[in-house]
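**Student:** Sequence and predicted structure are below.
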Amino acid sequence: LAFMKKVKPYSFNAGSGLKVMEFGCGPGRVILGLAELVSEGVGVDLSPAMITRFEYAIKSKGLSSTYRGHVLQNPNASELPKAYYDLVLSPFVLHHVSEQLSVLKRLVEAVMPGGHLMIAEIVGVELGEEEMRKKGVHAWLDEGKIDELLTSLELPNVKKVKVEYPTATAEGDSLSLLFYMIEVTV
């Protein structure tokens, strides 16, 4: 996955042995792809069915001592620990979240000083309101929207460190992506 290739350079602070959380992990393809870097990996999702799939993948790959799944009890992710993870991943999830500002705040707060939050979103998609509703999309995020959300958080120890716009192919369609890296400074 292109997302993992973008994440790996941000493991430089810890080498292997990173504490990593994937928000909206689904079956865990992204976080499980980082196994050689992870000492503790947590996949969180609102869907118990997705966590079941993630835990099955953990077991089948022999990673039960390193990884675990967690079903979020609150859609605003209020139960996430603070300043705990070296790396928090949010791959293609935030557009599904109704409370984007509060969730982004929780994700940033979960990152320890010196760590990173990496957000990936699909950009340039045009759907009508009904189609967005069917797909569970609350609001598309682009670089400007994430910038606005970060500014609204008014957190002095947070900075945007890198933004990229790669493309990917899914089901024969070319997609424009946004990779947005945030650092929580010391």
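**Tutor:** That came in fine, so what should we check first?

**Student:** C-alpha from now on. contacts and neighbour counts both.
**Tutor:** Will do.

**Student:** Provide the secondary structure category for the most centrally placed residue in the chain.
**Tutor:** Centroid check for the chain by CA atoms, centre = their mean gives residue 90 as the closest residue, at 1.1 Å. Following DSSP: H, G, I helix; E, B strand; the rest coil, the label given to residue 90 is strand.

**Student:** pLDDT weak spots in the protein?
**Tutor:** 1-16 (pLDDT under 70).

**Student:** if you set the cut-off to 50 instead, what comes out?
**Tutor:** Within the chain, the stretches with pLDDT under 50 are 1, 12.

**Student:** For it, which segments are assigned as helices?
**Tutor:** When secondary structure is read from DSSP state H, the chain shows helices at 2-7, 29-32, 48-60, 100-110, 129-134, 143-153.

**Student:** Of all the ones you listed, which one is nearest residue 179?
**Tutor:** Proximity to residue 179 (CA to CA) singles out helix 2-7 among the helices of the chain, at 7.9 Å.

**Student:** Okay, the residue nearest to the centre of the chain and residue 22: tell me how far apart.
**Tutor:** Look at residue 90 and residue 22: by CA to CA, to the nearest Å, they are 6 Å apart.

**Student:** same question, residue 139
**Tutor:** For residue 139, the distance to residue 22 equals 20 Å [CA to CA].

**Student:** Who has more neighbours out of those two?
**Tutor:** Applying other CA atoms under 10 Å to residue 139 and residue 22 shows that residue 22 carries more neighbours, namely 25 against 17.

**Student:** For residue 173, see how far away that one is.
**Tutor:** The value you get for residue 22 to residue 173, if CA to CA is used, is 25 Å.

**Student:** go on, residue 98?
**Tutor:** Here the criterion is CA to CA. By it, residue 98 lies 27 Å from residue 173.

**Student:** contacting residues for the residue nearest to the centre of the chain?
**Tutor:** 22, 23, 24, 117, 118, 119, 120 (CA atoms under 8 Å, 6 or more residues apart in numbering).
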